[in-house]
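Novice: Got a predicted model here, sequence first, then my questions.
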Amino acid sequence: MTNQRKLHIKSYGCQMNVYDAQRMVDTLAPEGFVETANAEDADLVILNTCHIREKAAEKVYSELGRLRLAKDEAARAGRDMRIAVAGCVAQAEGGEIVRRAPVVDVVVGPQSYHHLPQLLEKARREGRAIETEFPVEDKFSALPAPKPAAIRARGVSSFVTVQEGCDKFCTFCVVPYTRGMEVSRPVARIVDDVQRLADNGVREITLIGQNVNAFHGEDENGKPSSLGRLLHRLAAVPGIARLRYSTSHPCDVDDALIEAHRDIPAVMPFVHLPVQSGSDRILAAMNRRHSAADYLRTVERFRKAREEIAFSSDFIVGFPGETEDDFSATLALVAQIGYAGAYSFKYSPRPGTPAAEMRETVTTATMDERLARLQELIDGQQAAFNAAAIGTTVAVLFERAARNPGQIVGRTAYLQPAHVMASADIIGQVLPVAVESLERYSLLGTLAAPSAPLSRAVPPVMTTGA
Ligand code: SAM
Ligand code: SF4
């Protein structure tokens with residue numbers, strides 16, 4: 001029998017990294033590794049890193065500084081602690097990581113983590129192992145399936161990667177360089193994964209990919225499927241109550257996807273559709289390949305298909321050359337759409353991307369000031385959206401016991417946390433909740449009768465505030 005060893009994984013950045021971290025646990029489980037919440041106790045620490053903005057990448061090096069002390073401490077106690085850097089910083093910086101942080105034993109890119117057992121063995125023999133190639137074999141076929149107990153421990157909602165990489169080359173973005181070109185997984189493999197998750201208590205699946213609606217995986221007839229058709233196929237898997245997908249590019253929204261929202265009740269009426277900017281000049285400089293008017297038309301197509309649909313988005317402020325007029329166009333677009341929430345970031349130049357060479361940079365003070373104005377507008381919309389739920393009855397998928405004793409927490413269709421006093425038996429069920437009040441971002445309410453009719457929460461469309 002393999003000796004039990006302790007594994008600590010710290011994941012940064014996007015949902016893809018959360019999913020990859022779970023798959024690394026699955027890959028290392030047959031080697032005797034079990035997860036620990038404490039890095040100091042671990043025999044292996046993996047930092048699953050993000051390179052999307054400079055701040056995210058720099059965090060890795062400060063964490064490696066702390067881990068060096070923990071590794072020294074472990075050595076003094078006679079323990080051999082190994083440190084691996086995975087994810088997009090590993091891919092982008094490769095051998096540079098071990099030059100800056102010699103404490104690192106293994107560097108492994110996001111396409112190669114199924115080789116972790118071999119890389120650890122190589123590091124044991126040779127002192128170090130680095131793999132940042134894009135391997136020819138399919139990582140997903142090589143990964144061991146998660147054990148039923150691991151699936152159950154991870155809860156009722158699960159991510160499934162359906163697509164990786166990106167061919168869009170937005171001028172600010174490192175993803176095409178760190179995750180590689182766009183690849184979709186075959187439909188049959190995705191169905192198998194979802195079936196296994198559903199058989200072990202998962203009720204909600206979020207299909208993930210850097211550009212998820214560019215999905216074109218091969219179907220059972222050897223033909224490319226669309227994301228819309230995949231959603232139809234997965235809605236038929238017994239036990240699956242909710243389907244979501246993230247992140248979409250506005251240019252890849254086809255009729256099949258819109259129709260999936262119209263025709264499949266399990267497809268949640270909440271779409272993350274990043275626009276980045278409301279200025280056509282900046283959208284062109286970003287190589288986003290659409291205008292603000294194109295984006296608004298896409299939003300309208302969704303709304304026509306399902307009136308209660310709501311949107312979230314990503315924004316970048318301070319892209320090179322962004323003027324006050326450009327920024328006003330962003331505020332105007334936000335005001336016109338009325339988001340249920342959004343992420344906004346200050347532009348961060350990434351080495352090797354075209355935007356990093358652009359000269360007309362925006363000062364940090366201006367970026368700070370614009371970010372604050374944008375966030376104030378978005379926060380107001382989110383607060384109004386949440387407040388609109390008070391007095392309505394909404395469907396909630398219950399996920400786990402809350403911190404407050406006796407309370408169970410779940411999520412609405414719009415991912416709002418919702419708390420009720422109830423027994424833990426309701427975990428895994430979708431039940432109607434009469435919403436009574438709001439505490440910060442959480443809805444508080446009581447369980448309604450299972451047959452209670454649901455209200456339709458229509459997102460607030462704001463026409464002022466820019
Ligand atoms: N594929 C998605 C899309 O097309 O919008 C998003 C991928 S990226 C992981 C998530 C978000 O990070 C982007 O939508 C963008 O707002 C932000 N982002 C990416 N590169 C950035 C940069 N160089 N500076 C600031 N924010 C950035
Ligand atoms: Fe990056 Fe998304 Fe643009 Fe692809 S579409 S380059 S992932 S921002």
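Specialist: Cool, the structure landed. Ligands and ions are numbered 1, 2, ... in the order given.
Novice: Tally up the residues packed near T178, please.
Specialist: 27 (other C-beta atoms under 10 Å). All C-beta spots, glycine's among them, are computed from the backbone N, C-alpha and C.
Novice: Could you report the distance from the closest residue to it other than its chain neighbours to ligand 1?
Specialist: Distances taken as C-beta to C-beta, 6 or more residues apart in numbering put C88 closest to T178, at 3.9 Å, once the chain neighbours are dropped. From C88 across to ligand 1, the span is 9 Å (C-beta to the nearest ligand atom, to the nearest Å).
Novice: Show me the helices in the stretch 301-450 of the chain, by range?
Specialist: For the stretch 301-450 of the chain, the helices defined by DSSP state H, counting those that start in this stretch occupy 324-337, 364-387.
Novice: closest to T36 out of those?
Specialist: T36 lies closest to helix 364-387 among these, at 35.8 Å (C-beta to C-beta).
Novice: May I see the buried residues of that closest one?
Specialist: Using 16 or more other C-beta atoms under 10 Å as the test for burial, helix 364-387 gives 366-367, 370-371, 373-375, 377-378, 381-382, 385-386.
Novice: That helix relative to helix 324-337, how many degrees between them?
Specialist: Put simply, helix 364-387 runs at 10 degrees to helix 324-337, going by axes from the mean of the first three to the mean of the last three C-alpha atoms, to 10 degrees.
Novice: For helix 364-387, give the mean pLDDT please.
Specialist: The average pLDDT for helix 364-387 rounds to 97.
Novice: Out of the helices of the stretch 301-450 of the chain, which is closest to ligand 2?
Specialist: Evaluated with C-beta to the nearest ligand atom, these place helix 324-337 nearest to ligand 2, the distance being 16.0 Å.
Novice: Could you check how far the closest one is from the centre of its chain?
Specialist: Helix 324-337 has its C-alpha centroid displaced from the chain centroid by 26 Å (C-alpha atoms, centre = their mean, to the nearest Å).
Novice: Contact residues of the chain facing ligand 2?
Specialist: 166, 168-170, 173, 175-176, 210-211, 249 (C-beta under 6 Å from any ligand atom).
Novice: contacting residues around the host helix or strand of L120?
Specialist: If you go by DSSP states H and E, L120 is part of helix 116-126. Helix 116-126 has contacts (C-beta atoms under 8 Å, 6 or more residues apart in numbering) with 24, 27-28, 30-31, 44, 82, 84, 86, 105-106, 108, 112, 129, 131.
Novice: do the same with stretch 288-302
Specialist: The contact list for stretch 288-302 (C-beta under 8 Å, 6+ apart) reads 168, 170, 250-251, 253, 258, 261, 271, 273, 275-280, 283, 309, 311, 329, 333, 336-337.
Novice: Recalculate using a threshold of 7 Å.
Specialist: 170, 250-251, 253, 258, 261, 271, 275-276, 278, 280, 283, 309, 311, 329, 333, 336-337 (C-beta atoms under 7 Å, 6 or more residues apart in numbering).
Novice: Those residues: which ones sit near ligand 1?
Specialist: Counting by C-beta under 6 Å from any ligand atom, Q276 from the contacts of stretch 288-302 sit close to ligand 1.
Novice: so after the worst-scoring helix or strand of the chain on mean pLDDT, what's the next helix or strand?
Specialist: Across the helices and strands of the chain, mean pLDDT, DSSP states H and E gives its lowest value to helix 139-142, namely a mean of 84. Helices and strands here follow DSSP H and E; after helix 139-142, the next one along the chain is helix 148-154.
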